[in-house]
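In: Just to be clear, the model below is a prediction. Sequence and coordinates:
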Amino acid sequence: MKKTTAQLEKLLQVPGVVALEVDVDRILSARAKLAGEVLDSAATAHARGATPVIYTSRVERQFPDQASRLAFGEAGLGLLMDGGARPACQPGLSHAQAADRPSPGPRRR
């Protein structure tokens, strides 16, 4: 989680980026409400010309077993996928993320 946190911190320093944190403690108890709140905030940021960056709170959760960890991960992914039905903004890489990725090299024909 150290690397992703460092990448996130760098991304959030980019001008025009709006941070939208998803509280992982609410994913299981209030997924639909949380998804609506996050997506509404993302749409508002997008409408203002900003780039919304949606990320989970930086908390290392403990689980009693692998099945519980997997179920929680699927719920978190489901929360992010809930936005697919609302096309107010499109997920994708920000300019900072794209610039930070290595070039794939020349295309082969």
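Out: Alright, I've got the coordinates.
In: Need the pLDDT of residue 44.
Out: Predicted confidence (pLDDT) for residue 44: 93.
In: That one should be in a strand, yeah?
Out: No. In this structure, residue 44 is helix, not part of a strand, as judged by DSSP: H, G, I helix; E, B strand; the rest coil.
In: any idea how far it lies from residue 60?
Out: The gap separating residue 44 from residue 60 is 30 Å, by CB to CB, to the nearest Å. Every residue, glycine included, has its C-beta placed from N, CA and C.
In: who has more neighbours, those two?
Out: residue 44 (15 against 6; other CB atoms under 10 Å).
In: And the contacts of stretch 66-81?
Out: If you take CB atoms under 8 Å, 6 or more residues apart in numbering as the criterion, stretch 66-81 is touched by 22, 24, 27-28, 31, 34-35, 38, 54, 56, 61, 63, 91.
In: which two from these end up farthest apart in space?
Out: Spatial extent of those (CB to CB) is set by the pair 63 and 91 at 26.5 Å.
In: With pLDDT, secondary structure and distance to residue 14 as added columns, please give the contacts of stretch 66-81 in TSV.
Out: Below are the contacts of stretch 66-81 laid out as TSV (pLDDT from 0 to 100; DSSP: H, G, I helix; E, B strand; the rest coil; distance: CB to CB, whole Å):
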residue	pLDDT	secondary structure	distance to residue 14
22	86	strand	19
24	82	helix	24
27	79	coil	26
28	76	coil	31
31	79	helix	29
34	86	helix	25
35	84	helix	25
38	87	helix	19
54	87	strand	15
56	81	strand	19
61	77	coil	28
63	85	coil	33
91	51	coil	17
